[in-house]
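1. Predicted model and sequence below, questions to follow.
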Amino acid sequence: MTDRCPWCGTDPLYVAYHDAEWGVPERDGRALWEKLVLDGFQAGLSWITILRKREAFRAEFDGFDPERVAGWDMARIDRALRNPGIVRHRGKIESAVRGARLFLEIESRNGFAPFLWSFVGGQPIQNRFAAMAQVPTATPESAAMSRALKQRGFNFCGPVITYAFMQATGMVNDHIVGCHRHAALSRPQAAG
């Protein structure tokens, strides 16, 4: 048993993310959209790479204000492509802009947060894995979320990406049972 999930290693930024953010239930729609966008940018990269660039992403993407990003045109996309502080991938940047527009549609109907949380019945799934090797990379819930997002027009949201998103946003508690965060996030008040 360890007192922390081993995936974060000893990098202070990664440890702080593990201890303060990862697995904490997030109910704010805008914050969920930001995390979904960043998980999409992670495709093919490590999360620590995205975490190190997160502040640059926030600055470039107008604080992840969906209304502002939804209004981006090709010139604004081209400007983002010149920013060395972010992942400069045209498809991912265009996907974020399209995702902002889709976020606004979903938010105006039933809310983005309730839509995403519906895939776990509105409450975090409490897993009890003893080792990281037991933690899945995708689940039926993440596959269903992926399908629903893709049907609405989102990209870079396959079932592995959506499961990482669900872990990060506390829709599932995948801290291993020996981690000091597992018990704290298993309490009913942690469910939001």
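-> Nice, thanks for sending it over. Numbers count the residues shown, from 1 in each chain.
2. for the chain, where's the lowest mean pLDDT among helices and strands?
-> Lowest mean confidence among the helices and strands of the chain (mean pLDDT, DSSP states H and E): helix 180-186, at a mean of 95.
3. Same question for that one: list its buried residues.
-> R181, H182, L185, S186 (16 or more other CB atoms under 10 Å). (Each C-beta comes from the backbone N, C-alpha and C, glycine too.)
4. in the protein, which helix has the most residues?
-> helix 90-109 (DSSP state H).
5. Output the contacting helices and strands for that helix.
-> When contacts are defined as 3 or more CB pairs under 8 Å, 6 or more residues apart in numbering; DSSP states H and E, helix 90-109 packs onto helix 29-42, helix 66-70, helix 74-81, helix 112-117, helix 140-152.
6. How far away from the center of its chain is the second one?
-> This means helix 66-70. 18 Å (CA atoms, centre = their mean, to the nearest Å).
7. just to revisit the earlier point, only the C-alpha atoms, please, for the least confident helix or strand of the chain, written as CSV.
-> Below are the C-alpha coordinates for helix 180-186, written out as CSV (Å, rounded to 0.1, in the frame of the first residue of the first chain):
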residue,chain,number,x,y,z
HIS,A,180,-4.9,9.2,1.1
ARG,A,181,-7.4,10.8,-1.3
HIS,A,182,-9.6,7.6,-1.8
ALA,A,183,-11.3,7.8,1.6
ALA,A,184,-11.8,11.5,1.5
LEU,A,185,-13.5,11.3,-1.9
SER,A,186,-15.6,8.3,-0.9
